[in-house]
Every structure is written in structure tokens, then in C-alpha cells.
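**Q** Model the structure of this input:
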Amino acid sequence: MLETAPASSDVSSDVAVQVDGVVKKFGSREVLSGLTFSIHRGEVVGYLGQNGAGKTTTLRILAGIYRPDGGVAHVAGYDVAKNPIEAKRRIGYVPEAVDVFDWLTPWEYLRLVGRLHGLPDALIDARSREMLDSLALLDRAGERLDTYSKGMRKKIALIAALIHDPEVVLMDEPLDGLDANSAIIFKSLVRALARSGKAVLYSSHLMDVVERVADRAIVIHRGQVIVQGTLDELRRASGAPTLEDVFRRLTDPGDLEHLAQRLAQATRR
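**A** So this is what the prediction gives:
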């Protein structure tokens, strides 16, 4: 069902991510204003909003980089503020801006990440080899990361996010810098992650990609959820043929309140 009201605060066993009334401020500016939503296991959710809407801030809170100033966020049942280590064990995070240790090779970097997650070296190396080979990087895995292009570094960040087999995968503009073939592989990977029971929160401005991989979309505006639902529900309720058109109508300041009311009414028909 298409939702315009906040989801329940109860964290059930099939809910992998639960955000309840989260507030985040930077100085006097409130970036998130009572943000509430949930994501179930085995679900890919597109996280949409204009620049400055609070998407990256949300992902950084879930990843334990920022602490919320109000409300609570759970990942795999763990409060990210009260139990940050346990939450981080269950999270794979692909940031928009890739920041890796340039002086290391991929083998060294991935072994470092794997050891931080408590994995044995043999398992780290086996998983690294398989994913490096899948992303056409195995032949260059002995070179330092400062010789890698932006897209190649993005692939390494993706492998690092998945190497410990996380329950929840957070992706912030993950296709940025990837070539066409890698993007195709990535789309298949996202669906495979969901089929394996992982929850994927996918933040992107590429609406056509979100339409291909997401089960549901959450649209935020000025730090609040304005609408969420399956892609078919969003298109049907808004009368827009594509997700891009839905997004454009939702985030047009002149039509925002009117369209939100229409969407709310559509759920009661």
C-alpha cells in the first residue's frame, strides 16, 4: 500500500532498517526533520530526493558516521547510536565519494577491511578473488589504488562493502564513475543481493536505474518522507508514466501539497 503517514516504530524480525522520528542538525540548519521509514529484508528501496533533501545524511546516520540529534535508527535490530559496533557489523556501505587508502593495493585494502570484520584471511582472499574477477580487476589487483580511476576505485569500495556478507547494504550514487558494462553487472548484483535476503537502500538521481532494480521507493523532501510505495503505486496514484515524472511532480514546490493530498486520498479508494 502507498504510504504517506509514518510507519510503525515496532522493529519486527523481517524489518532490517527502521528509522523513527530521526532529526539531524548542522548548526542551526535542520537537515532531517522527524524522518520515519522502514525497509524489509529481501527488499531494494530507491531513496530519492533533490540535492540537499537529506539522503546522504540519512545513509551516514545508518552507517554510524553521524549520530542523530533526535529519534532512533535501528539496523538489523540494533540501535545505531547505542550499539554502533554491532550495527556496523551488519552494514555494507558504498559512499558517493570513495575514500580508500591510496598507498595500498586492492589485495591489501580488502584484507584490512576483512580483518576489521573478523574474517579469516583465507575467506577474505577467496571472496576478494571472486569479486575482483567478476568486476574485471583481478589482473590489476597488485597495483596501488592511487593508480586506479574513479570507476575502478568505486568497484573496490563495492567489494569492501560486501566482503563480510552484510545484512543491510547502503548505496549512495553507486553507479557514479562506472562504465557501461560494470553498470549492467551492478544492476544484476543489486537484485541478487535482495534475493539472498539482504535489504538494500539505494540512493540515486538516476531514476531509470531505480525503476529497474527497486521494489519500492521513498521520496524525501526537506528532511521528511513525503511519499513511499511500490513503483506501480506511485505511478498509478500520481498519474505519471515514469518514476522520473513522479519525482518531478512530487518535488515541484508549487504542486507538492496538492499532489501529496491526492496520493493520500488514493490509498483510501
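**Q** Now do the helices in this protein.
**A** 55-62, 84-89, 106-116, 121-134, 150-162, 180-195, 207-213, 231-238, 243-250, 256-266 (DSSP state H).
**Q** Determine which stretch of those helices is the most buried.
**A** helix 55-62 (a mean of 23; mean count of other Cβ atoms under 10 Å). C-beta coordinates here come from the backbone N, C-alpha and C atoms, glycine included.
**Q** who touches that one?
**A** If you take Cβ atoms under 8 Å, 6 or more residues apart in numbering as the criterion, helix 55-62 is touched by 17, 19, 22, 24, 31-32, 35, 47-49, 66-68, 73, 75, 80, 91, 93, 95-96, 168, 170, 172, 201, 203, 220.
**Q** Alpha carbons of that helix, as CSV, please.
**A** C-alpha atoms of helix 55-62 as CSV (Å, rounded to 0.1, in the frame of the first residue of the first chain):
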residue,chain,number,x,y,z
LYS,A,55,19.6,11.4,1.5
THR,A,56,23.4,11.2,2.2
THR,A,57,22.9,12.4,5.8
THR,A,58,20.4,9.5,6.3
LEU,A,59,22.8,6.9,5.0
ARG,A,60,25.6,8.3,7.1
ILE,A,61,23.5,8.0,10.2
LEU,A,62,22.6,4.4,9.4
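**Q** circling back to that earlier point, closest to residue 143 out of the helices of the chain?
**A** For those, proximity to residue 143 was assessed by Cβ to Cβ; helix 106-116 is nearest, at 7.9 Å.
**Q** Okay, angle between that closest one and helix 150-162 too, please.
**A** Angle, helix 106-116 to helix 150-162, by axes from the mean of the first three to the mean of the last three Cα atoms, to 10 degrees: 30 degrees.
**Q** which helices and strands does helix 106-116 pack with?
**A** Contacts defined by 3 or more Cβ pairs under 8 Å, 6 or more residues apart in numbering; DSSP states H and E place helix 106-116 against helix 121-134, helix 150-162.
**Q** Residue 250: which of those is closest?
**A** Here helix 150-162 is closest among the helices and strands packed on helix 106-116 (Cβ to Cβ), at 28.6 Å.
**Q** what's that closest one in contact with?
**A** With Cβ under 8 Å, 6+ apart, helix 150-162 has contacts from 92-95, 98, 100, 106, 109-110, 113, 128, 131-132, 135, 137, 140, 145, 148, 169, 174, 176-179, 182, 186, 193.
**Q** now that helix and helix 121-134, what's the angle there?
**A** Using the same axes, to 10 degrees, helix 150-162 lies at 140 degrees relative to helix 121-134.
**Q** Using CSV, write out every CA atom in helix 150-162.
**A** Extracted C-alpha coordinates of helix 150-162, given in CSV (Å, rounded to 0.1, in the frame of the first residue of the first chain):
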residue,chain,number,x,y,z
LYS,A,150,37.4,6.8,-10.2
GLY,A,151,35.3,4.0,-11.5
MET,A,152,37.8,1.3,-10.6
ARG,A,153,38.1,2.7,-7.0
LYS,A,154,34.3,2.6,-6.9
LYS,A,155,34.4,-1.1,-7.7
ILE,A,156,36.9,-1.6,-4.8
ALA,A,157,34.5,0.2,-2.5
LEU,A,158,31.7,-2.0,-3.5
ILE,A,159,33.7,-5.2,-2.9
ALA,A,160,34.8,-3.8,0.5
ALA,A,161,31.1,-3.2,1.4
LEU,A,162,30.1,-6.8,0.6
